[in-house]
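Student: what's the 3D shape of this:
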Amino acid sequence: MNRSFLAFLAGPLLCMTAGAAPDPARSVEAINALIEAAEPGATVMVPPGVYGGSLVVSKSVTLDGGDAAVIDAGGDGTAVEILAPGVTFRCFTVRGSGTRVEREPAGVRVQAPDCVIEDCTIQDVLFGIDLKGSSDSVVRRNTIIGKDLESGRRGDGIRLWWSHGCVVEDNTVSTSRDMVFWYSEDLSVRRNHVESCRYGLHFMYSHNTVLAGNVLKANSVGIYLMYSNNITLENNTLINNRGASGYGIGLKDCDGIVVRSNALLANRVGAYIDNSPSSIDSTGLIESNLFAFNEVGILLTPNTHDNVFTANGFVENEEQAGVHGRGELTLNQFSRDGRGNFWSDYAGFDQDHDGIGDLEYEAASLFETLLAHEPNLRLFVHSPAQQAVEFTARALPEVRPDPKFIDPSPLMSPPHVVVAGLGRTKPLAMGLCATMLLAGAAGVLGALGRSPGLSSNTEPAQEAAR
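Tutor: Alright, predicted model coming up:
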């Protein structure tokens, strides 16, 4: 076998290597020629290789890259632009968009309805997948990695504008700005994983949508809904979203919201609610969610009204529920049909063993009240100082604040919530986790007590204790 023939066979394989530069002999014009030769509705298999330039698809075909075709825009403009309806674009690697924000360069931009973008890897792009006027389209099983830029200069990983009836599912997005949905209704947004972005899922003026099974991790904000109505959030996991806002879920001026069976763990604020619902005749339902180990479990503005909280578990949040500013939460209900919520700091009992506490739960912590006015006191959370303040409030009722709200039917156990990647949480597991945290804290205190630098202070105290 002669060397020239071997080189011919090896050429495409070399082009397929990670980071390979486009072959000067290969450009997207080769793909355009295949599209021109195909009938509408046909499937076009693109040979392996790295194709340089920007591809424009103006015919309704299925383009299949076979997981071996790469389109590299070379850092200029949008890599792939789809202008024909009914196009399917699958199994490509797309990379190297431009960076000029005013042009909004993207990996894949779709400006036609009924299109499918699936099983693609889109990397080193300003915007990832951008749909404009692309109703009834599908975006699924794509991996999108933005450019290595400061967060304020990044584009959105997935963006929908005026694109109704779309399905966005099983995508992985990282190092981007948001997954954002503008003026788009009747969407299904399921099982997406968004990490290290600004807003995981961001909705504005987008109604009648289901968000289910998504994982929002280590973003500034997990899910934020603004001016969007009739949205259901179910079985989502929101963990460690701790930016400047740090909300797991944020709701602003939204009506008809259902938040059910979500896990909100270790966020700065589990759920923030601002004037939602905004209409007098609307009700919000927050049901069977797990709020655990957040700095604040739920944070509401004083004008927030007509929300029903039932069967939720509030477990070891530094502040279980707070008011953003002065006020009470009495315009909201904290039980429904005789079922309230589980509060890990509830000190009551259940003498008749019906699972409902015999005493009501009052959110009247003096330390939490002080913390709302002076956030720097958070330094003393879980310290003896906090315990001393709460002891003083119990001993001197005149300094005890009025309750922010009352749960008349507190539950004795938290709900069972499926946490993505962790399986089904149980009260025993939660208790074990809390025990481990306490044991770790005790170990740290023990180590400090054994520190030579502290021995002179601790020994007199030990002597006094004896």
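
Student: and after the longest strand seen in the chain, which helix or strand comes next?
Tutor: Of all the elements of type strand in the chain, the one with the most residues (DSSP state E) is strand 62-72. Next along the chain after strand 62-72, taking DSSP states H and E as the criterion, comes strand 80-82.

Student: and that next one, which residues are buried?
Tutor: 80-82 (16 or more other CB atoms under 10 Å). Just so you know, the C-beta spots here come from the backbone N, C-alpha and C atoms, and that holds for glycine as well.

Student: repeat for stretch 303-311
Tutor: Going by neighbour count (16+ other CB under 10 Å), the buried part of stretch 303-311 is 304-307, 309-311.

Student: Export those residues as a markdown table, with columns for secondary structure and distance to residue 228.
Tutor: As requested, the buried residues of stretch 303-311 are exported to a markdown table (DSSP: H, G, I helix; E, B strand; the rest coil; distance: CB to CB, whole Å):
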| residue | secondary structure | distance to residue 228 |
| --- | --- | --- |
| 304 | coil | 16 |
| 305 | coil | 18 |
| 306 | coil | 17 |
| 307 | strand | 16 |
| 309 | strand | 21 |
| 310 | strand | 23 |
| 311 | coil | 24 |
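
Student: Can you tell me which of these is nearest residue 320?
Tutor: In terms of CB to CB, no member of those lies closer to residue 320 than residue 309, at 11.2 Å.

Student: isn't that closest one right next to residue 286, touching?
Tutor: Yes - with contact defined as CB atoms under 8 Å, residue 309 reaches residue 286; the gap is 4.9 Å.

Student: list residues touching both of these two?
Tutor: In the contact map built from CB atoms under 8 Å, 6 or more residues apart in numbering, the residues linked to both residue 309 and residue 286 are residue 298.

Student: re earlier: which of the buried residues of stretch 303-311 sits closest to residue 382?
Tutor: When the buried residues of stretch 303-311 are ranked by distance to residue 382 (CB to CB), residue 309 comes first, at 24.6 Å.

Student: any idea how far the closest one is from residue 55?
Tutor: Counting by CB to CB, to the nearest Å, the gap between residue 309 and residue 55 amounts to 51 Å.

Student: ok, now residue 230?
Tutor: Summarising the geometry, the distance separating residue 230 from residue 55, computed by CB to CB, is 38 Å.

Student: These two: which is more packed in?
Tutor: In terms of neighbours (other CB atoms under 10 Å), residue 55 is the more surrounded of residue 230 and residue 55; the figures are 24 against 16.

Student: residues contacting the closest residue to that one other than its chain neighbours?
Tutor: Using CB to CB, 6 or more residues apart in numbering and skipping the chain neighbours, the partner closest in space to residue 55 is residue 28 (4.2 Å). Residues near residue 28 by CB under 8 Å, 6+ apart: 51-55, 71.

Student: Most neighbours of all these, which one?
Tutor: Each of those was scored by neighbours using other CB under 10 Å; the highest score is residue 71's, at 30 neighbours.

Student: which SS class is residue 200?
Tutor: Assigned state for residue 200: strand (three-state reduction, DSSP: H, G, I helix; E, B strand; the rest coil).

Student: what about it, how many neighbours?
Tutor: Residue 200: 30 neighbours (other CB under 10 Å).

Student: and what of residue 150?
Tutor: 6.

Student: In terms of pLDDT, where does it sit?
Tutor: Looking at residue 150, its pLDDT reads 87.

Student: ok, now residue 131?
Tutor: We have a pLDDT of 98 for residue 131.

Student: repeat for residue 382
Tutor: Taking residue 382 on its own, its pLDDT is 71.

Student: Okay, it and residue 61: tell me how far apart.
Tutor: Computed with CB to CB, the distance linking residue 382 and residue 61 is 61 Å.

Student: between these two, who's got more neighbours?
Tutor: residue 61 (21 against 12).

Student: related to what we said a few turns ago, tell me the average confidence for the longest strand of the chain?
Tutor: The predicted model gives strand 62-72 an average pLDDT of 98.

Student: Could you do stretch 338-348 as well?
Tutor: According to the model, stretch 338-348 has a mean pLDDT of 95.

Student: How about residues contacting that stretch?
Tutor: Outside stretch 338-348, the residues that touch it by CB under 8 Å, 6+ apart are 309-317, 320, 334-335, 356-361, 365, 407-415, 434.
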